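Colleague: could you look at this predicted model? Sequence included:
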Amino acid sequence: MSLKMKNKNQDQFSIQNIIAKGTKLVGDFFSDGDIRVDGVIEGNIETSGKVVVGKDGEIIGKLKCSNAYFEGKLSGTIELSETLTLKSTAHIEGEVVTQKLAVEPGATFNVSCVMQTPVKDLNNGSKTQKTA
């Protein structure tokens, strides 16, 4: 792989989208990169990267990503392929589907939660999702 191609691939995964404090986004938001929310998003968010919601950040809608780190609020649905981390200031209401969950004391977590674990398929060795 050439250096130019290697740098292009690294840049693609280091892209971060920032919704700053005081910003309100209404509508669906799709990205290949990471997302940081310090403002308000009303709508659906989907990314192959991670989502970080700061203390002043709020999501009203559906969030679908690999990992999420919350200090702020979410009212709606979270669907993660890996880990949900809630800091003590987080306030989450709705439905959650995730593989791993980390909650600090003080966080509000009023949800119906489904924990999924990857299970190896014995027939072909690939991983599949199993609902706990």
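Modeller: Now that the structure is in, tell me what you want to look at. Predicted model only: the values in this text are computed from it and were never measured. Residues are numbered from 1 along each chain as shown.
Colleague: ok, the lengthiest strand in the chain: who's next to it in the sheet?
Modeller: Longest strand in the chain by number of residues (criterion: DSSP state E): strand 108-120. According to DSSP bridges, strand 108-120 forms sheet pairs with strand 91-98 (parallel), strand 127-131 (antiparallel).
Colleague: ok now the helix or strand following the first one, how far from the chain's centre?
Modeller: Past strand 91-98, further along toward the C-terminus, the next helix or strand under DSSP states H and E is strand 100-103. When distances are taken as C-alpha atoms, centre = their mean, to the nearest Å, strand 100-103 is centred 12 Å away from the chain's centroid.
Colleague: average pLDDT for strand 100-103?
Modeller: If you average the pLDDT over strand 100-103, you get 96.
Colleague: packing partners of it?
Modeller: On a contact count with 3 or more C-beta pairs under 8 Å, 6 or more residues apart in numbering; DSSP states H and E, strand 100-103 meets strand 83-86, strand 108-120. For glycine as for every other residue, the C-beta is placed from the backbone atoms N, C-alpha and C.
Colleague: pick out the shakiest of those, pLDDT-wise.
Modeller: Across those, the lowest-scoring stretch is strand 108-120, with a mean of 86.
Colleague: give the buried residues for that one.
Modeller: For strand 108-120, the neighbour count (16 or more other C-beta atoms under 10 Å) marks 111, 116 as buried.
Colleague: dead centre of the chain: give me the residue that sits there.
Modeller: A68 (3.4 Å; C-alpha atoms, centre = their mean).
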